[in-house]
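Student: Quick one, what's the 3D model for this:
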Amino acid sequence: MTFTPSQLTGIVAVVTLLLDQWTKLLVLKFLGYAQERVVVDGFFKFVHWGNTGAAWSLFRDSNEFLTIVSLIALLFLFIFRRMFETQTRLGDIALGLVFGGIVGNIIDRLVRHHVVDFIYFYIYRRSGTEAGFPAFNIADSGICVGVGLLFIISWEKEKQMKRAATMPQSPGSQDHGTGTRLP
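Tutor: Numbering: from 1, shown residues only. As a prediction, the model looks like this:
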């Protein structure tokens, strides 16, 4: 089955959104607020934390502001999605991940007044205290992976353009600026 670029982006966005909301519902059902369940001691646990800020809890207690910023970003990305030069299947998937992730966190902000974070990686320091990566969720993962893919696509396209610009022209072609033959 073949999908148009917009259909593929939409399908990936919906799957990302549904997976995000389903996993958050599981967390809400099985973990009380601020509870934790260790999966691999000293490395990974499920937590139930609320975040009223952005990534790494930046702009804490700015839920309304961040909801508006997220809606504007979503609208901007949707309107100008073709400016990202993603005319590839991977580019369509990347945009779908970003769209689904943004919508997933917007739903949390509107319904729960905070984003539900539940994936937490950590290690123990010599002192016995935890040093952890900030907790995150499926929506955050979709956004980060999607943006990462967009950077890689852009970087690869730039490399291809540079290679094409430095490749010798076919034999017999002329440099019209100087009138000299190129090798």
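Student: Every contact and neighbour count from this point should use C-alpha atoms.
Tutor: Noted.
Student: in stretch 18-25, what's buried?
Tutor: Using 16 or more other CA atoms under 10 Å as the test for burial, stretch 18-25 gives Leu18, Leu19, Asp20, Gln21, Lys24.
Student: and of the residues you listed, the nearest to Lys45?
Tutor: Lys24 (14.7 Å; CA to CA).
Student: Can you give me the distance of the closest one to Arg89?
Tutor: Per CA to CA, to the nearest Å, Lys24 is found 28 Å from Arg89.
Student: Distance from the longest helix seen in the chain to the middle of the chain?
Tutor: The longest helix of the chain (DSSP state H) is helix 138-166. For helix 138-166, the separation from the chain centroid amounts to 12 Å (computed by CA atoms, centre = their mean, to the nearest Å).
Student: just stretch 65-78 next, same as before
Tutor: The answer for stretch 65-78 is 14 Å, by CA atoms, centre = their mean.
Student: mean confidence for that stretch?
Tutor: Averaging pLDDT along stretch 65-78 gives 95.
Student: Now do the buried residues in it.
Tutor: Leu66, Thr67, Ser70, Leu74, Leu77.
Student: How about stretch 81-96, which residues are buried there?
Tutor: Counting neighbours by 16+ other CA under 10 Å, stretch 81-96 gives Arg81, Thr86, Leu90, Gly91, Asp92, Ile93, Ala94, Leu95, Gly96 as buried.
Student: Output those residues as CSV; include the columns distance to Met161 and secondary structure.
Tutor: As requested, the buried residues of stretch 81-96 are exported to CSV (distance: CA to CA, whole Å; DSSP: H, G, I helix; E, B strand; the rest coil):
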residue, distance to Met161, secondary structure
Arg81, 21, helix
Thr86, 15, coil
Leu90, 18, helix
Gly91, 17, helix
Asp92, 21, helix
Ile93, 23, helix
Ala94, 21, helix
Leu95, 22, helix
Gly96, 26, helix
